[in-house]
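K.L.:
this one's sequence-less:
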């Protein structure tokens with residue numbers, strides 16, 4: 001019986017090729033893990049925008065209040081505790097609710113939401129949750145602005161924390177120049193800016209990007 005030192009079987013150039021291949025596979029695996037989390041964000045965003053329209057143009061289980069802002073002397077249409085349940089274009093159930101939804105009559109194209117929570121199903125077992133302090137939807141330009149901190153979590157343990165984000169529904173883009181933190185068992189990704197283009201097909205993390213992988 002002979003014993004071989006397999007480290008001597010491959011030449012230096014062959015080792016380099018294997019190392020490059022392993023490195024590419026590792027990067028691909030990390031990208032898949034991040035994509036599996038970020039892509040469902042589009043589902044929740046679509047549900048949230050559809051919710052904005054439905055709050056004011058369809059019957060909803062909420063209380064309607066007309067109030068006057070004394071400082072601006074503008075009349076506001078406010079809905080208390082609006083909630084919407086439905087199905088995404090992938091036939092997955094979701095619900096979105098807010099503490100308040102409001103629109104002033106002089107700027108009817110802008111709909112504001114306070115204390116937003118949402119849940120969407122991704123497949124049979126996976127769920128994604130949104131918890132946001134507030135935001136505004138500009139129906140004229142197709143833009144959703146989440147100008148306060150918000151958090152997105154999944155039931156398989158991933159957490160993403162945003163300080164703010166601007167989402168252009170028409171172009172399928174998300175932009176933020178605020179700190180982003182994404183965590184999951186064995187992975188922590190942080191950056192000072194994030195850009196998502198082409199409805200999630202391209203993602204760019206900018207400025208102070210840190211990726212930490214823990215061995216499991």
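P.N.:
That came in fine, so what should we check first? Small disclaimer: the values here were computed from a predicted structure and weren't measured. Residues are numbered from 1 along each chain as shown.
K.L.:
which residues in the chain form helices?
P.N.:
With helices called from DSSP state H, the chain shows them at 12-38, 40-57.
K.L.:
show me the contacts for the nearest residue to residue 146 once chain neighbours are set aside.
P.N.:
In space, and not counting its chain neighbours, residue 146 is closest to residue 135: 4.2 Å by CB to CB, 6 or more residues apart in numbering. In short, each C-beta sits where N, CA and C put it, glycine included. Applying CB atoms under 8 Å, 6 or more residues apart in numbering, we find residue 135 in contact with 48, 112, 113, 116, 144, 145, 146, 147, 148, 150.
K.L.:
For the chain, give me the ranges with low pLDDT.
P.N.:
Along the chain, segments meeting pLDDT under 70 span 1-75, 88-90, 169-170, 172, 199-200, 215-216.
K.L.:
quick one: residue 143 from residue 122, how far?
P.N.:
24 Å (CB to CB, to the nearest Å).
K.L.:
These two - which one has more neighbours?
P.N.:
residue 122 (21 against 18; other CB atoms under 10 Å).
K.L.:
partner residues bridging the more buried one?
P.N.:
residue 126 (DSSP bridges).
K.L.:
surely it meets residue 128?
P.N.:
Yes - the criterion here is CB atoms under 8 Å, and residue 122 meets it with residue 128 at 5.9 Å.
K.L.:
re earlier: can you tell me how far the residue nearest to residue 146 is from residue 117?
P.N.:
Using CB to CB, residue 135 is found at 12 Å from residue 117.
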